[in-house]
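Undergrad: have a look; sequence and predicted model below, questions after that.
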Amino acid sequence: MKLHKRLITLVGLGMLLVITITVSALQEMASVFTRTTMEIENTSRKHQQIWEIESRIGEMSLATHGIAEDGDEQYRVSYRDSRAAVHDAFRNINQMLLGLEEMKILGSLMRDFRELEQKSERIITYATTEPGKRMLVRNMLLELDSLHAWVRKDLDRYKDEYVLTSGRIIAKLHKDKVRISMLVILILGTSLSFLFAFGYYLFRKVSVPLNELWIGTEAIIDGKLDHRIPVHAGSDIARLSERFNIMAQNLKQSYEDLEQKLLTRTRHLAALDSVALTLGKSGNLDEILHRSLLLVLEKLSDLEPRGGIFLCDADGEHLGLKAHAGLPREFVEQEETIKMGECLCGQVAQQGEILYSEKACTDKRHTRMQRNGNHEHSHIIVPLKSRGVVLGVMFLYPAKTFTMRPSDLQLLDSIGTQLGMAVENHRFYSEVKESSEKYWDLFENSRDILCILDDEGRFTVLNKAAEEFLGVSRIELVGKSVFTFLREQDAAVVRKVLQGEMTYSLQTFEFDIVKPNGRIAAVEVSGRALAPNRLLGRFQISVRDVTEQKRIREMLLETERMAAICQVGIAVRHEINNPLTTVIGNVELLLEQLTEADDDLKKRLEAVLKNSLRIAEIVKQLEGIKKDKVVEYLQGVKMTDLKQG
C-alpha cells in the first residue's frame, strides 16, 4: 500500500499548508471585520443619539413657545419629556468611545444646551407666575431662538465630524480589502501549485495504470470474460490489476451459474404459466384441480410423481381429498376426509403457511403416518389461499435430492395462490349461475308482465306473460316501440318518464293498452331505472293486467250507487210523502171552500197543489229507478235521469 501512503502524505501536507494559510487569512479577516463593525456600530449609535438630541431640543423650543403663548398642560408634558430624552442622550454619548474633536464639540453642545435649558425654565416661570410681563417673555423667546440656532451650529459641526469619521473608516476598509485580496491570491497560488504537483504525480503513478484497467473493463463489458490485464510489479495498481483478473475469473464463473439459475427460473415460470392456462379452461372443479396437479408434478423437478389436493368443506371442520395422482387406492380411501388441524395438511390449513418436512417419518406433527406405512419420505404442504383465506392444501413428495430454495418457496406460494383463486372463482361462478337461473325462472314464469326498455322505449327483453298478453311472439316484439300499444295521452306520460322529466320510482300508473287484435286492456305499470351501462336496457317495467278487476270495480261502484239511490228513495218517500199528503189534502179542502170572489187565492192554491202533485210524482219515479242513467241537466252539470219508465 505504498501508493496509498504517498498519496495520503502528499495530500495531507498540501491540505495542511492550504488550511494554515486559509486559517490565518480568515483570522485576519475576522479581526478586521470585528474592528470595522464595532467602529461603524459606535459611529451609528453616536449619530443616532445626536439626531435624537437635535429633534428633542427642537421639541423643547416648540413646547416653550407653546407654554409662553397659551400655557397648555400638553406643552408642559412635551417639554418635560423632551428635556429628559436630551439628558438620556447626553449620558449615552458620554458612555461611548469619543475622539478628541468629538469631545470638544460635545462639551460645547452641552454648555449651549444647559444655557438653553435655563432660559427655557425662566420663560416658563415668568409665563406661569407673572402673566403681565408678556414683553419680557417675548424678548426671552427671541434669545431662546438665538440659543437654539447656536445649538444647531454645534450639531452641524458634530455631523461634519461624523462625515470625516466615516471617510476614515472607508479608507481603512479599502486598505483591509487590499490586504485580504493579497491573502486570497496567496491561498489560490498555493492551492494551484499543490494541485499541479499532485496532478503530475497522479498522472505518473495512477492514470497510466488505470488506463490499462479501463481497457480491461471495456473488454469485460463487451463480453470478453477471458481478457486479462498485464501486471506491473512494484505498485499498488499492480495489486489492483491482480484483483481485477481474479474478479474477471469469478465473473465468468458467476455468469455460468446465472445461466443455470435462469434455466431453472424459466422452468418455474413455465410451470406457473401452464397452471394458469389450465385454471382458465372450462370444466368442473375436480377436473381442473386434477389437471393442475399433474402439471405441477410434471413441470417441477426434484418431485416424486405423486401428490394430492384437499379442499375445506363448507362446515370448515374437515378437509376432503378432491384430486390426487400416483397414490395407492388404500391411501385414497383412508385419507378421503381429515379433520382441520389433524396431521401436516390439517395444520397447514389452519396456519396458512407453506410447510416443508424433510423427514416426515420422525416429524411428530405427522400423526397419520402409521396408517399409511412407515417408509421414509419428505413432505411439502402448500396452502391454497385467496384474499388471505385458506381454501385447501396441496401436498407433494420431494425427491431425496431436493433442496428447498427461496425461489422454490416463492413459486409454490404463487401456485397455491392461483389454485386458491381458481377455487374461489369456481365457487363464486357456481353461486352466481344458480342465482341467475333462479332469477330467470322467476322472470320467465311470473304471472305479471315483465319487460326491459331502452332509452327510446323499445322492448329488449320480455317474459312469457308479455307474449301471451299481447298475442305476439317475443321475436316480433323485441325492438318494437312500446308507444305502438299506447294511446296518445298515455304515450305522453311514458315519454316524460323516459326523458327523466317525471319521477316514477314510487308511483304506479294506469294505462289502456291497445292490443294487436284491437282490444283495449287496462293495466297497472310500475318500473325502475337500471344502471346506465346495462347492455339490455335502461328501464325494468312490471305490468299487471287489471281489465277484469277494473270491470268488477266499476260494477261494484254501480251497485253501490244504485243502493244509495234506493236508500235515498225510501227516505224521501217516508219523509216527504207523509207531510206532502197533508199539504195536498188541506189544499184541496181550501179549494172547495173558496168562492168566486177569492179568485186570486184560488190560483195560488192551485199552483201549490200542482207542484205538490209534481213532487209526489218525482218521489214515485225515484222509487222506480232500476238503472243509474245520467243526463246533462245544465252545461257541465250532470244528474240522475228520473224519467226511465
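TA: Structure received. Note that the coordinates shown come from a computational prediction; the quantities given were computed from them, not determined experimentally.

Undergrad: per-residue confidence for residue 582?
TA: For residue 582, the pLDDT comes out at 83.

Undergrad: to clarify, my last question referred to residue 629.
TA: Looking at residue 629, its pLDDT stands at 60.

Undergrad: then residue 8?
TA: With respect to pLDDT, residue 8 has a value of 66.

Undergrad: and what of residue 393?
TA: pLDDT, read off for residue 393, is 90.

Undergrad: domain ranges for the chain?
TA: Domain ranges of the chain: 2-198, 265-432, 445-545, 556-640, per automatic domain parsing.

Undergrad: for residue 245, which of those domains is the nearest?
TA: Each of these has some distance to residue 245 by C-beta to C-beta; the shortest is domain 2-198, at 18.6 Å. Bear in mind the C-beta positions are built from the backbone N, C-alpha and C, glycine included.

Undergrad: before we move on, the earlier item: just send the domains of the chain back as a markdown table, with mean neighbour count and distance to residue 246 too.
TA: What follows is the domains of the chain, written out as a markdown table (neighbours: other C-beta atoms under 10 Å; distance: least, C-beta to C-beta, whole Å):
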| stretch | mean neighbour count | distance to residue 246 |
| --- | --- | --- |
| domain 2-198 | 15 | 19 |
| domain 265-432 | 17 | 27 |
| domain 445-545 | 15 | 66 |
| domain 556-640 | 12 | 109 |
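
Undergrad: which one of those domains lies nearest to residue 226?
TA: domain 265-432 (26.5 Å).

Undergrad: how far out from the middle of the chain is the closest one?
TA: Relative to its parent chain, domain 265-432 has a centroid offset of 41 Å by C-alpha atoms, centre = their mean, to the nearest Å.

Undergrad: what of stretch 173-192?
TA: 60 Å.

Undergrad: C-alpha coordinates for it, CSV please?
TA: Extracted in CSV, the C-alpha atoms of stretch 173-192 (Å, rounded to 0.1, in the frame of the first residue of the first chain):
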residue,chain,number,x,y,z
LEU,A,173,-11.8,49.4,4.9
HIS,A,174,-10.1,49.9,1.5
LYS,A,175,-6.7,49.1,3.0
ASP,A,176,-8.1,46.0,4.7
LYS,A,177,-9.7,44.9,1.3
VAL,A,178,-6.2,45.1,-0.3
ARG,A,179,-4.7,43.0,2.4
ILE,A,180,-7.5,40.4,2.2
SER,A,181,-7.1,40.3,-1.6
MET,A,182,-3.4,39.6,-1.2
LEU,A,183,-4.1,36.8,1.2
VAL,A,184,-6.7,35.3,-1.2
ILE,A,185,-4.1,35.5,-4.1
LEU,A,186,-1.6,33.7,-1.8
ILE,A,187,-4.1,31.0,-1.0
LEU,A,188,-5.0,30.5,-4.6
GLY,A,189,-1.4,30.4,-5.7
THR,A,190,-0.5,27.8,-3.1
SER,A,191,-3.6,25.7,-3.9
LEU,A,192,-2.8,25.8,-7.7
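
Undergrad: who touches that stretch?
TA: For stretch 173-192, the external contacting residues (C-beta atoms under 8 Å, 6 or more residues apart in numbering) are 17, 18, 21, 22, 24, 25, 28, 29, 32, 36.

Undergrad: hmm, back to that, got a markdown table for the domains of the chain, with distance to residue 211 too?
TA: Listed next are the domains of the chain as a markdown table, based on distance: least, C-beta to C-beta, whole Å:
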| stretch | distance to residue 211 |
| --- | --- |
| domain 2-198 | 16 |
| domain 265-432 | 39 |
| domain 445-545 | 68 |
| domain 556-640 | 114 |
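
Undergrad: excluding residues flanking it in the chain, which one is nearest the spatially most central residue of the chain?
TA: Centroid-nearest residue in the chain: residue 387, 23.8 Å away (criterion: C-alpha atoms, centre = their mean). Excluding the flanking residues, the one nearest residue 387 by C-beta to C-beta, 6 or more residues apart in numbering is residue 424, at 7.5 Å.

Undergrad: which other helices and strands contact the helix or strand where that neighbour lies?
TA: With secondary structure defined by DSSP states H and E, residue 424 is part of helix 406-444. Counting contacts by 3 or more C-beta pairs under 8 Å, 6 or more residues apart in numbering; DSSP states H and E, helix 406-444 is packed against helix 236-280, helix 285-299, strand 379-386, strand 389-398.

Undergrad: mind listing which of the contacts of stretch 173-192 are in helices?
TA: 17, 18, 21, 22, 24, 25, 28, 29, 32, 36 (DSSP state H).

Undergrad: just the residues you listed now: which is nearest residue 577?
TA: Ranked by distance to residue 577 (C-beta to C-beta), the ones in helices among the contacts of stretch 173-192 are led by residue 36 at 135.7 Å.

Undergrad: chain neighbours aside, what residue packs nearest to that closest one?
TA: Using C-beta to C-beta, 6+ apart, the nearest residue to residue 36 is residue 173, at 6.0 Å.

Undergrad: so what pLDDT did that neighbour get?
TA: Confidence score, pLDDT, at residue 173: 71.

Undergrad: then residue 383?
TA: 90.

Undergrad: quick check, the residue nearest to residue 36 in a helix?
TA: Yes. Using DSSP: H, G, I helix; E, B strand; the rest coil, the assignment for residue 173 is a helix.

Undergrad: what segments of the protein are strands?
TA: Assignment of strands within the chain using DSSP state E yields the ranges 303-312, 318-325, 337-339, 355-357, 379-386, 389-398, 449-453, 459-462, 509-514, 520-529, 539-545, 630-634, 637-640.

Undergrad: dump the ones you listed into a markdown table; add distance to residue 621 as well.
TA: Output for the strands of the chain, formatted as a markdown table (distance: least, C-beta to C-beta, whole Å):
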| stretch | distance to residue 621 |
| --- | --- |
| strand 303-312 | 87 |
| strand 318-325 | 88 |
| strand 337-339 | 91 |
| strand 355-357 | 103 |
| strand 379-386 | 86 |
| strand 389-398 | 85 |
| strand 449-453 | 47 |
| strand 459-462 | 54 |
| strand 509-514 | 36 |
| strand 520-529 | 35 |
| strand 539-545 | 41 |
| strand 630-634 | 13 |
| strand 637-640 | 10 |
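
Undergrad: closest to residue 584 out of those strands?
TA: strand 637-640 (25.1 Å).

Undergrad: tell me the average confidence for that closest one?
TA: Per-residue scores along strand 637-640 average to 59.

Undergrad: how about stretch 299-307?
TA: 80.

Undergrad: end-to-end on it?
TA: Length of stretch 299-307, first residue to last, C-alpha to C-alpha, to the nearest Å: 14 Å.

Undergrad: can you tell me which residues contact the nearest residue to residue 541 once chain neighbours are set aside?
TA: Leaving out its chain neighbours, the residue that sits closest to residue 541 by C-beta to C-beta, 6+ apart is residue 527, at 4.4 Å. If you count contacts by C-beta under 8 Å, 6+ apart, residue 527 has them with 497, 504, 539, 540, 541, 542.

Undergrad: what's the closest of the residues you listed to residue 587?
TA: residue 504 (65.2 Å).

Undergrad: tell me the pLDDT of the closest one.
TA: For residue 504, the predicted pLDDT is 65.

Undergrad: just the one 10 residues further on next, same as before
TA: Per-residue confidence at residue 514 stands at 87 (pLDDT).

Undergrad: is it in a bridge, and if so with what?
TA: Beta bridges link residue 514 to residue 520, judged by DSSP bridges.

Undergrad: so who does it touch?
TA: 485, 486, 487, 520.

Undergrad: 10 Å instead?
TA: Residue 514 makes contact with 484, 485, 486, 487, 490, 520, 521, according to C-beta atoms under 10 Å, 6 or more residues apart in numbering.

Undergrad: which stretches of the stretch 251-400 of the chain have low pLDDT?
TA: 255, 257, 259-283, 360-361, 368-375 (pLDDT under 70).

Undergrad: so which of the strands of the chain gets nearest residue 287?
TA: Of all those, it is strand 318-325 that lies closest to residue 287, at 8.6 Å by C-beta to C-beta.

Undergrad: quickly run through the sheet partners of that closest one, with directions.
TA: Short version: by DSSP bridges, strand 318-325 pairs with strand 303-312 (antiparallel), strand 337-339 (antiparallel).
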